[in-house]
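J.: Generate a structure from the sequence data that follows.
(4 chains)
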There are 4 protein chains.
Amino acid sequence: MFDVRTDLALEAREMYVKSNKRECDGVEIEEREEDDIKISIVKVLNEKGEKNIGKPKGTYVTMDMPKLTLYDGGLMDNVSKALGKVLLEMVKVDEKTTTLVVGLGNWNVTPDALGPKVVSKLMVTRHLKKLMPNDIDESITPVCAIAPGVLGLTGIETGEVIKSLADKIKPDYIVCIDALASRRLERVNTTIQIGNTGIAPGAGVGNHRMEINEETLGVPVIAIGVPTVVYASTIANDTIDLVINEMVKQSTKESKVYEMLNSIDKSERSGLIKEILNPYVGDLVVTPKEVDSVIDSVSKIISMGINIALQPGLDMEDINKFLN
Amino acid sequence: MFDVRTDLALEAREMYVKSNKRECDGVEIEEREEDDIKISIVKVLNEKGEKNIGKPKGTYVTMDMPKLTLYDGGLMDNVSKALGKVLLEMVKVDEKTTTLVVGLGNWNVTPDALGPKVVSKLMVTRHLKKLMPNDIDESITPVCAIAPGVLGLTGIETGEVIKSLADKIKPDYIVCIDALASRRLERVNTTIQIGNTGIAPGAGVGNHRMEINEETLGVPVIAIGVPTVVYASTIANDTIDLVINEMVKQSTKESKVYEMLNSIDKSERSGLIKEILNPYVGDLVVTPKEVDSVIDSVSKIISMGINIALQPGLDMEDINKFLN
Amino acid sequence: MFDVRTDLALEAREMYVKSNKRECDGVEIEEREEDDIKISIVKVLNEKGEKNIGKPKGTYVTMDMPKLTLYDGGLMDNVSKALGKVLLEMVKVDEKTTTLVVGLGNWNVTPDALGPKVVSKLMVTRHLKKLMPNDIDESITPVCAIAPGVLGLTGIETGEVIKSLADKIKPDYIVCIDALASRRLERVNTTIQIGNTGIAPGAGVGNHRMEINEETLGVPVIAIGVPTVVYASTIANDTIDLVINEMVKQSTKESKVYEMLNSIDKSERSGLIKEILNPYVGDLVVTPKEVDSVIDSVSKIISMGINIALQPGLDMEDINKFLN
Amino acid sequence: MFDVRTDLALEAREMYVKSNKRECDGVEIEEREEDDIKISIVKVLNEKGEKNIGKPKGTYVTMDMPKLTLYDGGLMDNVSKALGKVLLEMVKVDEKTTTLVVGLGNWNVTPDALGPKVVSKLMVTRHLKKLMPNDIDESITPVCAIAPGVLGLTGIETGEVIKSLADKIKPDYIVCIDALASRRLERVNTTIQIGNTGIAPGAGVGNHRMEINEETLGVPVIAIGVPTVVYASTIANDTIDLVINEMVKQSTKESKVYEMLNSIDKSERSGLIKEILNPYVGDLVVTPKEVDSVIDSVSKIISMGINIALQPGLDMEDINKFLN
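T.: Below is the predicted model of the structure:
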């Protein structure tokens, strides 16, 4: 199979089911709907599941925002609240829980800047708890945050920065936010994935190189990801699929056409895609033209969801007051 | 023919030749190379030419930057100088010539922000000539500049703003800079088109609605455009073309396959593309991931080229001194 | 009198009263308080008043925000509403009234960027009323907006741009927003002045050169200004005043000291200030260190106030929905 | 003495000499000029010197840029080269020396953003040496860089971040860049201080809380600082000094005036300054109005100076090629 990149467990499972035409062993899926938000929970149960969909054992929750969420402040708040609830199923927060939030990605590359933007809107409190414990509401929990940049900007592996900070600060949880690549356009900037297994190397728009998870850091790692791009090669590949499907419908299994179609599918696809996309040096991505403002809105939703989860003693109004 | 958008006269001609398999009447083309920069001059000679390629009568010069120009300051300077030369073939500048430079496009949408970015790097002098005529070098020519924004930001048709300013200021030339859509990825951010016929409605990434040309403004209008995006639908369409070509090679004219392929080509193509791209609301574009820094470099090249053309009495060093 | 710059009518009157030790002929003042917002209305009634305070005949409303407004979303909304009310006392808006909002100032200079920032947050509707009159709520009034930049950026007098647009668009009102200089630190970023006499040359942080008023534009001009800086020379001058006052208190009228103090006051003050400030080339201003975020909050307040005034058929929630 | 803040050793010494009217024991000063750049070297030799000027034992080099440097690319390059030379007197660089460059300060507060801006223009190479040792010129030395943000943004003490990274990366040198407060306007954005004793708590515009030096980090720390603000209280204080000096000149030692002047000096000064500045909450600073573009130019000078020092095998042209 041509290698189509997806960072979403839900899509990886879909692709498995579609291409193997059967259920995916070792992977469980469960769905519910809340406030018009579709929530899908993919559980990778064992090694078989890991192998089938290429994601480590653990839980992956996918939330689909209602249509037009990014154009409606009320819907945005609903998604934030739902995200807060999902997070609270993964972390146990009380006023002594210290959380380190990490915004992955490159702030100079708009579709990769989601993580740093989320961090810039967070309610950061760890220093207040330390410096003025008597002046600050007891129920506020200590949160600290960093956007470590990417290897090309710092010369330091992102994982190294996080590891060294985690060793120093000893947080109870690490929450990482990252921009992802999807394989379906309809998911771009409308889907949030929350997983309890950290970040794998090669994931994300910025392509991290080191694992960021409980094993490497010694602390549970929650990963929040939003697909912000589809690779142009994915679009090309999908187009070829559709054309071929269309033709297969019109031919018969015995015919030479069918055979020919399959031969294209196998051997030439990759060459065709190269022919289309290759002239350009560097990664080509498909994004909405207004990607700057879209990323801004999505980062608001995510940061408010994290604030809600990590400050269970406050309501949204309190949080907004703190932030302004 | 499926409607594939291009704002480049060179591509429009190519598409005509390819799809009609013959030369394009009423359109002349001429090529030369300078400093590794390929320069193509398309002349639309008459109404026939206008109709064939959908561009008004006039001259369209296309410059192809050498590979890696955006990563090499020396190459960038070469392209600026060549652009200056091309511009000077279209305008006649002396110290009394007033030029109004207009940066079209939306500064909030990175791939559409080329025009405003060029304007921000221009050598603006008209006020100095007026306010301190004795303190400023005589050879400096009066240049003024504006980035009028787009209809959605201002509520005013871009053409209205330019028209009202042109009536007031009475420049000798108007130079408009605009981000374009190409139909070929290899041209994205590497090609500059300079035309003497202004800007047509519906052109550019931001899609202007009013003609901006000598007829509407009463002043000659030079348009400088750089393709900064390819529409995702163009990629999908190209992929289909390539698949079909590949299959046609393997089939014979008499076979049913050939017929089938043609039938797809004609009736289903548009439906297939919709199926791939439709889930997403809004314009999807293909850009390099690092579009922010790329647009920055391209705008430097263009603004320096304009500065060179409009200040024939200065060399690049003088201009840089003025700007810093 | 040493020339201390203020763009606020209220301060000009205060300075007159203080330095002349009597009421200011031709100028009326009236005060009220609403929602903890102190509102002062200065009316310049005749030529005598004009001469006394150096501001043209007309009405100048000054609003003092409650303390900590910039840190509290609820207070910010209150100020916006009060501003909307004040504006509606100066303009008469129905669904056919077209307003052109102009954001004066330089977007590259943070304390001068207030106007352009306000414009970027406005509800712009004129094009919708024209392009899709049936799809848009009838009660919405046509608003258009522009940030013309400053002379140094465009080479075009700001007044020229506005004049040419006004002639073309023929709005019923022009509303100009501008960053001002105050002479009192406590007013910086906490005071809004709304006047119905337009903008005088030399006013504002960016120092416009052309009058922008009903006489020059043929349309009533409402000016909204917020002091965002105090000139460093003002601080130096105030310090000298205080020192001298202190010493005068301790001396007697007959003594030589008193005489000496007066001699300093008259002849050396200006020299002393130059000695302190001169080493630096360019305008030195006093601002809060966090000027970027402060200007951001103030621009939100102003733009919402304008939106409320110009869209009397909508409430704040509708406006927020439209804007997001 | 009223407490006037300066982060410059040169100014601290000046203030000592002026207020004590004698040389400063334990502190040596040496001056030279190169390329119109005045270079002063202050050496704090022992504990006496430390106490006298409040700076730890070590060497502090101050460079005064020639007038108009920020408006002239050629002068900027000269200053960068001279800075490179000064740095090379403090660090010993070969191709195995790893340097960690740290940009202190808050990127959201323009006059405090110097450090992060310098980091964004650095030649970062450590990852290239590690990932592709064969493809990269041998003479290139490993440099990595981070802008850790400030306590209020991250909830983590800046020193904690640097310490944990230093422990992990084990660099040979740490170079910290920080925006400083000066006590003299003429030094704002025109003076560079390079010291080999790190950063003291309470220094810098952003006011760090933890020492950042060889003792705390285990690695030699070079600190590069540029004064980007003067506190408004300093201006007020200077004004009072000048007024009093002026009056003292005109009085005699025996007179009551002299006594009175001294009494103001001692007891009321602080009250007067409070009266002038107090109305405003927060730190008031004096900056040039165009602080954004000024900080940009200064950061270019500093980053190029560091690049020159840390890459002794490359010339400026090579470095520019690498960076673009």
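J.: rest of the way, CA atoms for contacts and neighbours
T.: Noted.
J.: can you pull the contacts of the residue of the stretch 51-200 of chain A found nearest chain C?
T.: Per Cα to the nearest Cα, A:Tyr71 is where the stretch 51-200 of chain A lies closest to chain C, at 5.3 Å. A:Tyr71 makes contact with C:Lys321, C:Asn324, according to Cα atoms under 8 Å, 6 or more residues apart in numbering or on different chains.
J.: Can you show me the strands along the stretch 101-250 of chain A?
T.: According to DSSP state E, counting those that start in this stretch, the stretch 101-250 of chain A carries its strands in the segments A:143-146, A:173-182, A:191-195, A:221-231.
J.: Save those strands as JSON lines, and put in mean neighbour count too.
T.: Converted to JSON lines, the strands of the stretch 101-250 of chain A look like this (neighbours: other Cα atoms under 10 Å in any protein chain shown):
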{"stretch": "strand A:143-146", "mean neighbour count": "26"}
{"stretch": "strand A:173-182", "mean neighbour count": "27"}
{"stretch": "strand A:191-195", "mean neighbour count": "25"}
{"stretch": "strand A:221-231", "mean neighbour count": "27"}
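J.: Would you tell me which of the ones you listed gets closest to chain B?
T.: strand A:221-231 (8.8 Å).
J.: So which elements touch that closest one?
T.: Here strand A:221-231 touches strand A:173-182, strand A:191-195, strand A:284-288, going by 3 or more Cα pairs under 8 Å, 6 or more residues apart in numbering or on different chains; DSSP states H and E.
J.: Serialize these to a markdown table and add fields for distance to chain D and mean pLDDT.
T.: Formatted as a markdown table, the helices and strands packed on strand A:221-231 follow (distance: least, Cα to the nearest Cα, whole Å; pLDDT from 0 to 100):
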| stretch | distance to chain D | mean pLDDT |
| --- | --- | --- |
| strand A:173-182 | 14 | 94 |
| strand A:191-195 | 23 | 97 |
| strand A:284-288 | 20 | 84 |
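J.: and the closest residue to A:Met90 other than its chain neighbours, how far is that from chain D?
T.: In this structure, A:Met90 finds its nearest non-sequential neighbour in A:Asn196, 7.0 Å apart by Cα to Cα, 6 or more residues apart in numbering or on different chains. Separation of A:Asn196 from chain D (Cα to the nearest Cα, to the nearest Å) stands at 23 Å.
J.: how many other residues sit next to A:Leu185?
T.: A:Leu185 sits with 26 neighbouring residues when counted by other Cα atoms under 10 Å in any protein chain shown.
J.: Need the per-residue pLDDT for it.
T.: Looking at A:Leu185, its pLDDT reads 82.
J.: ok, so what distance separates the residue nearest to the spatial centre of chain A from chain C?
T.: Residue closest to the average C-alpha location in chain A (Cα atoms, centre = their mean): A:Gly225, at 1.7 Å. A:Gly225 is 23 Å from chain C, where distance means Cα to the nearest Cα.
J.: just A:Val44 next, same as before
T.: 38 Å.
J.: do A:Leu10 as well
T.: Separation of A:Leu10 from chain C (Cα to the nearest Cα) stands at 30 Å.
J.: Repeat that for A:Leu314.
T.: According to Cα to the nearest Cα, A:Leu314 and chain C sit 16 Å apart.
J.: Name the spans of the stretch 201-324 of chain A whose pLDDT lies under the cut-off.
T.: A:246-247, A:250-282 (pLDDT under 70).
J.: how about 90 then?
T.: A:201-210, A:229-293, A:317-318, A:320-324 (pLDDT under 90).
J.: Please, where are all the helices along it?
T.: A:214-217, A:232-250, A:256-263, A:269-277, A:291-310, A:316-323 (DSSP state H, counting those that start in this stretch).
J.: what does chain A have sitting close to chain D?
T.: Counting by Cα under 8 Å from any Cα of the partner chain, the residues of chain A lying close to chain D are A:120, A:124-128, A:143-146, A:148, A:151-157, A:160-161, A:164-165, A:167-168.
J.: swap the cut-off to 6 Å and go again
T.: Contacts of chain A with chain D, taken as Cα under 6 Å from any Cα of the partner chain, map to A:Val124, A:Thr125, A:Arg126, A:His127, A:Cys144, A:Ala145, A:Ile146, A:Thr154, A:Gly155, A:Ser164, A:Leu165.
J.: now, which of these lie within helices?
T.: Residues of the residues of chain A next to chain D located in helices (DSSP state H): A:Arg126, A:His127, A:Thr154, A:Ser164, A:Leu165.
J.: nearest to chain B, of these?
T.: So of those, ranked by how close each gets to chain B (Cα to the nearest Cα), first place is A:Thr154, at 16.9 Å.
J.: Can you give me every residue that contacts the closest one?
T.: D:Cys144, D:Ala145, D:Ile146 (Cα atoms under 6 Å, 6 or more residues apart in numbering or on different chains).
J.: need those in JSON lines with pLDDT and distance to B:Asn52, can you?
T.: Converted to JSON lines, these look like this (pLDDT from 0 to 100; distance: Cα to Cα, whole Å):
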{"residue": "D:Cys144", "pLDDT": "97", "distance to B:Asn52": "56"}
{"residue": "D:Ala145", "pLDDT": "97", "distance to B:Asn52": "56"}
{"residue": "D:Ile146", "pLDDT": "97", "distance to B:Asn52": "56"}
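J.: so can I have JSON lines of these showing distance to chain A?
T.: Output for these, formatted as JSON lines (distance: Cα to the nearest Cα, whole Å):
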{"residue": "D:Cys144", "distance to chain A": "5"}
{"residue": "D:Ala145", "distance to chain A": "5"}
{"residue": "D:Ile146", "distance to chain A": "6"}
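J.: Output those in JSON lines; the columns should cover distance to C:Val248.
T.: Below are the contacts of A:Thr154 laid out as JSON lines (distance: Cα to Cα, whole Å):
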{"residue": "D:Cys144", "distance to C:Val248": "61"}
{"residue": "D:Ala145", "distance to C:Val248": "57"}
{"residue": "D:Ile146", "distance to C:Val248": "55"}
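J.: For the residue nearest to A:Met90, give me the backbone phi and psi.
T.: phi -100, psi 20 (degrees, to the nearest 10).
J.: Just give me the neighbour total for the nearest residue to A:Glu95 once chain neighbours are set aside.
T.: Of all residues not flanking A:Glu95 in the chain, A:Thr141 sits nearest, at 4.4 Å (Cα to Cα, 6+ apart). Per other Cα under 10 Å, the neighbour tally for A:Thr141 reads 24.
J.: before we move on, what about A:Leu217?
T.: Neighbours of A:Leu217 using other Cα under 10 Å come to 21.
J.: Columns pLDDT on top of the ones in helices among the residues of chain A next to chain D, output as TSV?
T.: Below are those laid out as TSV (pLDDT from 0 to 100):
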residue	pLDDT
A:Arg126	95
A:His127	92
A:Thr154	95
A:Ser164	96
A:Leu165	96
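J.: Scan the residues you listed and report the most crowded one.
T.: Within these, most neighbours by other Cα under 10 Å means A:Thr154, with 26 neighbours.
J.: From D:Met210, how far out is it?
T.: 23 Å (Cα to Cα, to the nearest Å).
J.: Tell me how chain A divides into domains.
T.: Following automatic domain parsing, one finds the domains of chain A at A:9-233+A:284-323, A:234-281.
J.: follow-up on the earlier one: of all the strands of the stretch 101-250 of chain A, which lies closest to A:Asn307?
T.: For A:Asn307, the closest of the strands of the stretch 101-250 of chain A is strand A:143-146, at 9.2 Å, according to Cα to Cα.
J.: re the thing from before, include distance to B:Ile41 when you put the strands of the stretch 101-250 of chain A into CSV, please.
T.: As requested, the strands of the stretch 101-250 of chain A are exported to CSV (distance: least, Cα to Cα, whole Å):
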stretch, distance to B:Ile41
strand A:143-146, 52
strand A:173-182, 40
strand A:191-195, 47
strand A:221-231, 34
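J.: can you tell me the residue of the stretch 1-150 of chain A closest to chain B?
T.: As assessed by Cα to the nearest Cα, chain B sits closest to A:Val109 within the stretch 1-150 of chain A, at 5.4 Å.
J.: Quick check: chain neighbours aside, which residue is closest to that residue?
T.: Spatial nearest neighbour of A:Val109, excluding adjacent residues (Cα to Cα, 6+ apart): B:Glu290 at 5.4 Å.
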